[in-house]
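Peer 1: build the 3D model from these lines:
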Amino acid sequence: MRTGIGCFFRGESSIISTKKGNQNLCQRRAILWSMIKELWHSFPRLLEQKINALLEEAEPTPAKAFQLYKTCQHEGLWNESFEKFSDRLESFFAIARSERRKSHMDQLLNRPMSMAVYEGFHLNFRSGLVNSHSVMNIVSWAHNLMRLGHKTDSAVISTDVLSRTLHYITHPPFFEKAENIDFDDFCAAWRKTVFSLFGKKHDAEFNAIVNELRWLNTQLKSEEQAIKKTGIVPTIYLTQTEIDWTEAVEKAVSLNREIPKFPLSRGPEKQRLIDLVRTISLYKIVQTSQHPEFREQRDKIRATILDRCASLLRECAR
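Peer 2: Below you'll find the model as predicted:
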């Protein structure tokens, strides 16, 4: 009898454990799809930002480097070899573009340069070499998000097609834009790539994806215009408990430590905190998941958490 009862309760326990496991799986899937939808909604703007950010870490092409060398020689700013000048250039462009200043290069030359000469140090996709690894990260990100967001495995979103598209953008012909790339520029380059590879074979699939993405882009522009028109910068009011938790999350993620749970049992009620909790839940999933696509996204989700924490702490009214 005891054995029977023991088996019965073990069986019940197993059923309950299975139900809980299924519930957790469903919750994880719901969080994942919520994140995918959020990223898909912002895809056109995120893609623009990612492409233009490639210039943040660009280095001058050999031709551009030699041009700068000859200019500095002509202006009496440099009188040593091109090899030494190239080393100085490498040091200068190793500084993040947003932090780069004229004074940094002045210190590497014989004397300070004029602003007219310094303007020649500005790089675009025609005069700069971008990091190939960073380009492939964008290709992988865009491919996976298109595949999941639009629910398609069409040849027009293959990594080969997207890689060729980004190569066209980052190595522009003379008649194409070389910086400040917007989503329409990407679509134009993408269309040219698809046509050169397939002709009109995949026109229907391509147009369906582009039309949806252009509609999303229109929605994003409308939201941005509304903010500009009202002049209102969104602000969030946080309690001290919420501020302390956000700071603790930021520190934990920065140091790769365990992320603290939200302190209130009912969970957050403010939308931006709800979004942060969802992102944290997704991060915990990809930390333990063996799925290769999840592993690839781990660092990006971590960066998203840090960015959201920083924004909350910067914009909250205390």
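Peer 1: for Ser154, see how far away Tyr237 is.
Peer 2: Distance of Tyr237 to Ser154, computed by C-beta to C-beta, to the nearest Å: 45 Å. For every residue, glycine as well, the C-beta is placed using N, CA and C.
Peer 1: those two: who's more crowded?
Peer 2: Each of Tyr237 and Ser154 has its neighbours counted (other C-beta atoms under 10 Å); Ser154 has more, 17 against 9.
Peer 1: next, give phi and psi for that one.
Peer 2: Main-chain torsions, Ser154, degrees, to the nearest 10: phi -60, psi 150.
Peer 1: any idea how many residues pack against the residue nearest to it when sequence neighbours are not counted?
Peer 2: In this structure, Ser154 finds its nearest non-sequential neighbour in Glu205, 4.3 Å apart by C-beta to C-beta, 6 or more residues apart in numbering. Residues near Glu205, counting by other C-beta under 10 Å, number 17.
Peer 1: now do the strand or helix carrying Glu205: distance to the chain's middle.
Peer 2: With secondary structure defined by DSSP states H and E, Glu205 is part of helix 203-230. Distance, stretch centre to chain centre, for helix 203-230: 18 Å (C-alpha atoms, centre = their mean, to the nearest Å).
Peer 1: okay, buried residues for that helix please.
Peer 2: Of the residues in helix 203-230, 205-206, 209-210, 213, 216-217, 220 count as buried by neighbour count, 16 or more other C-beta atoms under 10 Å.
Peer 1: next up, the contacts around the residue nearest to Ser154.
Peer 2: Contact analysis of Glu205 by C-beta atoms under 8 Å, 6 or more residues apart in numbering lists 152, 154-156.
Peer 1: cool, and Leu108?
Peer 2: Applying C-beta under 8 Å, 6+ apart to Leu108 gives the contacts 88, 91-92.
Peer 1: domains in this protein, as residue ranges please.
Peer 2: Listed by automatic domain parsing, the domain ranges of the chain are 56-129, 131-230, 236-317.
Peer 1: what mean pLDDT does the shortest one get?
Peer 2: Averaged across domain 56-129, pLDDT comes to 94.
Peer 1: for it, measure first residue to last.
Peer 2: Counting by C-alpha to C-alpha, to the nearest Å, you get 11 Å between the two ends of domain 56-129.
Peer 1: and the helices in the chain?
Peer 2: Secondary structure of the chain (DSSP state H): helices at 2-41, 43-53, 62-74, 82-93, 102-106, 115-118, 132-149, 159-170, 183-198, 203-230, 240-254, 271-288, 292-315.
Peer 1: any chance of those in CSV with distance to Lys177 as columns?
Peer 2: Output for those, formatted as CSV (distance: least, C-beta to C-beta, whole Å):
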stretch, distance to Lys177
helix 2-41, 25
helix 43-53, 11
helix 62-74, 17
helix 82-93, 22
helix 102-106, 26
helix 115-118, 23
helix 132-149, 17
helix 159-170, 8
helix 183-198, 6
helix 203-230, 17
helix 240-254, 36
helix 271-288, 33
helix 292-315, 27
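Peer 1: to Phe125, which of these lies closest?
Peer 2: Ranking the helices of the chain by distance to Phe125, with C-beta to C-beta as the measure, places helix 159-170 first at 5.0 Å.
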